[in-house]
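Asker: sequence and predicted structure below; questions after.
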Amino acid sequence: MDLAFANNQSWIWTVSLSQWALLYDLTQATFRMQMRAAAGDTLVIYRWSSNPADMARGLLSYEPSSKLLTSTAPYADMAQLAAATNVYDLQALLPVPNPAIVKIFTGGALAVSSGVTR
C-alpha cells in the first residue's frame, strides 16, 4: 500500500486491520512503523510506535472493536522531512505465549511532497 502526504501538515492515517485480526489476537500487540529512504536501509528517517517506551515521535493506536489502526505525527515533525519518496514498514509485535513479529505492510512507498503554507 503506497501512501503520500505533504510536509506542511500533521500526519494522520487510519487503516483497517480486520483481516489481520481474523488471524491474530492484536489486542495486546505492540505496533511499530518505520520510514526509510529505501528498503534495507539501516537509517530510520521517522518512526511510529504504540509503545511509549520506544521513544518514537509518531504514535500508533489500535482500536480492537473497530479493528482500526491510527497513525499520527505532529506538524513540527512532518515539516522537518524533505520531499522524497521513501519506503515504510508496519509491524505488529505479538506477545507471549506465542511471540511473533507480523509484517503487516513492508516496502510500501511513502511519498513526501513539499507543501505550501499560506
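Answerer: Now that the structure is in, tell me what you want to look at. Numbers count the residues shown, from 1 in each chain.

Asker: rest of the way, CA atoms for contacts and neighbours
Answerer: OK.

Asker: name the SS class of Gly107, please.
Answerer: Judged by DSSP: H, G, I helix; E, B strand; the rest coil, the three-state class of Gly107 is strand.

Asker: and the gap between it and Asp41?
Answerer: 11 Å (Cα to Cα, to the nearest Å).

Asker: the two: which is more packed in?
Answerer: When neighbours are counted by other Cα atoms under 10 Å, Gly107 and Asp41 differ, and Gly107 comes out ahead with 17 against 11.

Asker: next up, the contacts around the more buried one.
Answerer: Gly107 makes contact with Ala39, Val87, Tyr88, Asp89, according to Cα atoms under 8 Å, 6 or more residues apart in numbering.

Asker: I'd like to know which of those is nearest to Leu60.
Answerer: Nearest to Leu60 among the contacts of Gly107: Asp89, at 13.0 Å, using Cα to Cα.

Asker: quick check: the closest one touching Ala109?
Answerer: No. Contact criterion Cα atoms under 8 Å: Asp89 and Ala109 do not qualify, at 9.4 Å.

Asker: what mean pLDDT does stretch 15-24 have?
Answerer: Here stretch 15-24 scores 93 as its mean pLDDT.

Asker: actually stretch 88-106, sorry about that
Answerer: For stretch 88-106, mean pLDDT rounds to 85.

Asker: ok, stretch 109-118 next?
Answerer: The pLDDT scores in stretch 109-118 average 78.

Asker: tell me who's in contact with the spatially most central residue of the chain.
Answerer: Relative to the mean C-alpha position of the chain, the nearest C-alpha, by Cα atoms, centre = their mean, is the one of Met33, at 3.5 Å. Taking Cα under 8 Å, 6+ apart, we find Met33 in contact with Arg47, Trp48, Ser49, Tyr88, Asp89, Leu90, Gln91.
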